[in-house]
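Enquirer: please work out how this folds:
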Amino acid sequence: MKALVKTTSLVFAVLGGLIFAQQASAQDAERATGPNYQLFLMGDEMALCSSMAWTHCNDTDWLDGETMRTDRYINLSEAYTTPLLRDELWPVHRRKTRDDVKMALEILYERMRSEVVPERSFQEEFTRRATRHLYDSLSEREWNLIIDYLEMPAPKGKHDTARLDLTKILAKRQILNAMLEQAQKVRGGDAPPRIAIAAAGARDPITAVEPFISAFDSLGAEVRWLPIDAAVNAAQRTGKCDELDALREQELGTWKRARVFPEQHKQQVAFCKDALQGPKIVDWADAVLIVGNDPGLVRKAFLDPLSQPTDLMTSIYLKMRANKLVVGATSDAMNAMTARSMVASGTSAEALRAGAIAGEAPPFACGKDDSCPRNMNAESATYHPLGGVGLFNSATLDGQFSDMGRHGRLLRVAATTNTPLAVGIDTRTALAVNVLTGAFEVLGERGVFFGVGAQQTDNAVAATFHYLVAGARGRFADDGIVDVRFAQSEEVVQEPPTTRFLSDRGMVDSLRLLCQERNSFNLIEKEFRLMVAGDDATKRVKAGGECQVTDARIGLSWQPDTW
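Expert: Residues are numbered from 1 along each chain as shown. Coordinates of the predicted model:
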């Protein structure tokens, strides 16, 4: 059995070797005219301006409720609420909570005087007055269960329509356009590039994929949905494609999608039954974008239970390595692009306090319904030792990085697994990588953290690090980065500074001190300490109010005895 359990990177290395041996000369010619970067690692969830997410828009005058889907609608009639309250959906120890939910739904019906209400109104009322305490006590699973069971079918012919040009965050527009430009280099000529979108990292893939399809369509690309997810992969393996809606409950924690999206459900079932359809879409595409915020779901969508790549994943890998496909991934789904140990969940505080645990991520807010795995809590730092889907060999990855203070969890995973290089990518930022040469470029508004040679004790981690902002370039080589060219831009966004580093930007905000003739700084938050130091070997360059550095040192520790 051990011989079967190989890492994805080993499988792909063998496949890649065969391809290169057969086609080396042809690829050398194609690289000269192909994309500069085949992989876009986006640290941001890339939420776009759309008819369902108008708060991300600069302007809302374009919205049209007659032609666009503008909200999810909740039905409070007995036909919807009675199935939700069945015993089998609620563990015995949560039946009292179930009874409280029943009472809350009755209260909300009386308050709103309507059986059908927008989801926004439903949630706003649920979080007020007598029902607020119940809302706060619900786990993520329980809230999703309520919303999914009460959601009405999406209006036929109406979709979540996105406008990339009206998306508030300029960096998101720049990053997606940069990926589109590389896809155009694959396509060549004047023909529009072809983009396939897979929401494999999303709990509700059908809902998540629509705005991205619309956004790329609005940019003139040919766009197709690549309808793979963990449930579809499981159904294909077990021959249960007709039971897909039930498998979504088990694999995704999503309910009643066939009722809400009947046409898309039929499309997924047809995709499930045709094992060749996925590779055919990849053959058609110039780029594949994988969206979502759960790296574990991405693994389950593209790998089998023994961490072997599916035929679909193999087709993506081989086409990308042949310089004929651009692949992008957003948010924490990006973590799964690595061939190294994959960061799955957790906070820096818990990683420093209790270490990193090899295993699946605990359910979000699992402490509320006692569903946390043994010896874990909702904030436990976890990782998958066999890595992700294997598209990026150079480092372990982490997204939404500085903004959520994830330095502690990333370095803890790297130290625990003896991973030489760990890369953290900020929100509003992407790392574009040439997987054939190792060349990279930082895109967007913020920066990328490179942790080298992480080491640990029971309560601390330390590493050499580099931090580069948008516009910087370099190359991955020998478990580190070389040929670094600092950004000179003055357009990097500077946020109001904070010293909070466990879940905020305190580390990179304070890094500015190293560009002000300081060689070190210390931050303290609760029982935790962060230390950064530079020396004569440390290079420092300002860019847009931020400080870029190479060859500095970082240490984070939990020091309970000092409090």
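Enquirer: can you count the residues close to Glu490?
Expert: 10 (other Cβ atoms under 10 Å). The way it works is simple: take the backbone N, C-alpha and C, and place the C-beta from them, glycine included.
Enquirer: distance check, it against Ala543.
Expert: To Ala543, Glu490 is 7 Å away according to Cβ to Cβ, to the nearest Å.
Enquirer: so Thr437 belongs to a helix, correct?
Expert: No: read with DSSP: H, G, I helix; E, B strand; the rest coil, Thr437 is coil and lies in no helix.
Enquirer: how about it: what's its closest non-neighbour residue?
Expert: Arg475 (7.0 Å; Cβ to Cβ, 6 or more residues apart in numbering).
Enquirer: I'd like the next helix or strand past the one helix or strand the one you found maps to.
Expert: Applying DSSP states H and E as the criterion places Arg475 in strand 473-477. The element immediately downstream of strand 473-477 (helix or strand, assigned by DSSP H and E) is strand 480-485.
Enquirer: could you list the domains of this protein?
Expert: Listed by automatic domain parsing, the domain ranges of the chain are 8-51+165-485, 73-150, 506-562.
Enquirer: any chance of the ones you listed in TSV with distance to Thr67 and mean neighbour count as columns?
Expert: Below are these laid out as TSV (distance: least, Cβ to Cβ, whole Å; neighbours: other Cβ atoms under 10 Å):
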stretch	distance to Thr67	mean neighbour count
domain 8-51+165-485	9	21
domain 73-150	17	16
domain 506-562	40	18
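Enquirer: can you pull out the strands in the stretch 351-500 of the chain?
Expert: Secondary structure of the stretch 351-500 of the chain, counting by DSSP state E, counting those that start in this stretch: strands at 356-358, 381-384, 396-398, 421-425, 429-433, 439-444, 447-457, 460-469, 473-477, 480-485.
Enquirer: between those strands, which gets nearest to Ser139?
Expert: Ser139 sits nearest to strand 381-384 of all the strands of the stretch 351-500 of the chain, at 17.7 Å, using Cβ to Cβ.
Enquirer: mind listing the helices for the stretch 201-350 of the chain?
Expert: Under the criterion DSSP state H, counting those that start in this stretch, helices of the stretch 201-350 of the chain are mapped to 205-218, 230-238, 244-252, 257-260, 262-273, 277-284, 295-302, 311-321, 348-354.
Enquirer: tabulate those helices (a markdown table), appending mean pLDDT.
Expert: What follows is the helices of the stretch 201-350 of the chain, written out as a markdown table (pLDDT from 0 to 100):
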| stretch | mean pLDDT |
| --- | --- |
| helix 205-218 | 96 |
| helix 230-238 | 98 |
| helix 244-252 | 97 |
| helix 257-260 | 98 |
| helix 262-273 | 98 |
| helix 277-284 | 98 |
| helix 295-302 | 98 |
| helix 311-321 | 98 |
| helix 348-354 | 97 |
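Enquirer: can you lay out the ones you listed as CSV showing distance to Leu443?
Expert: Compiled in CSV, the helices of the stretch 201-350 of the chain are given as follows (distance: least, Cβ to Cβ, whole Å):
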stretch, distance to Leu443
helix 205-218, 17
helix 230-238, 29
helix 244-252, 31
helix 257-260, 34
helix 262-273, 31
helix 277-284, 24
helix 295-302, 21
helix 311-321, 18
helix 348-354, 25
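Enquirer: nearest to Asp398 among these would be which one?
Expert: Closest among the helices of the stretch 201-350 of the chain, using Cβ to Cβ: helix 295-302, at 9.5 Å.
Enquirer: packing partners for that closest one?
Expert: Judged by 3 or more Cβ pairs under 8 Å, 6 or more residues apart in numbering; DSSP states H and E, helix 295-302 is in contact with strand 194-201, helix 230-238, helix 311-321, strand 342-345, strand 381-384.
Enquirer: what angle do the first one and helix 205-218 make?
Expert: Counting by axes from the mean of the first three to the mean of the last three Cα atoms, to 10 degrees, strand 194-201 lies at 150 degrees to helix 205-218.
Enquirer: quick check: mean pLDDT across strand 194-201?
Expert: Averaging pLDDT along strand 194-201 gives 98.
Enquirer: please apply the same query to the fourth one.
Expert: Strand 342-345 shows a mean pLDDT of 98 in the predicted model.
Enquirer: just give me how far it sits from the chain centre.
Expert: Its chain's C-alpha centre and that of strand 342-345 lie 11 Å apart, by Cα atoms, centre = their mean, to the nearest Å.
Enquirer: adjacent strands (with direction) for that strand?
Expert: In the sheet, strand 342-345 lines up against strand 381-384 (antiparallel) (DSSP bridges).
Enquirer: show me the contact partners of the partner strand.
Expert: 295-296, 299, 341-348, 350-351, 354-362, 376, 396, 409, 412-413, 416-417 (Cβ atoms under 8 Å, 6 or more residues apart in numbering).
Enquirer: go again with 6 Å.
Expert: 341-346, 350-351, 356-357, 359, 361, 409, 413 (Cβ atoms under 6 Å, 6 or more residues apart in numbering).
Enquirer: cool, and stretch 344-364?
Expert: Taking Cβ under 6 Å, 6+ apart as the rule, stretch 344-364 contacts 140, 295-296, 371-373, 376, 379-385, 405-406, 408-409, 412-413, 416, 502, 556, 558.
Enquirer: end-to-end on that stretch?
Expert: 12 Å (Cα to Cα, to the nearest Å).
Enquirer: so for Gly157, which of the domains of the chain sits nearest?
Expert: domain 8-51+165-485 (9.7 Å).
Enquirer: any idea how far the closest one is from the middle of the chain?
Expert: Using Cα atoms, centre = their mean, the offset of domain 8-51+165-485 from its chain centre is 7 Å.
Enquirer: among the helices of the stretch 201-350 of the chain, which comes closest to Asn459?
Expert: helix 348-354 (6.6 Å).
Enquirer: can I get the CA coordinates of the closest one in PDB?
Expert: The C-alpha atoms that make up helix 348-354 are tabulated as PDB, following Å, rounded to 0.1, in the frame of the first residue of the first chain:
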ATOM      1  CA  SER A 348      -0.800  32.000  13.600                       C
ATOM      2  CA  ALA A 349      -1.600  32.200  17.400                       C
ATOM      3  CA  GLU A 350      -2.800  28.500  17.500                       C
ATOM      4  CA  ALA A 351       0.200  27.400  15.300                       C
ATOM      5  CA  LEU A 352       2.600  29.000  17.700                       C
ATOM      6  CA  ARG A 353       0.800  27.700  20.700                       C
ATOM      7  CA  ALA A 354       0.100  24.100  19.700                       C
END
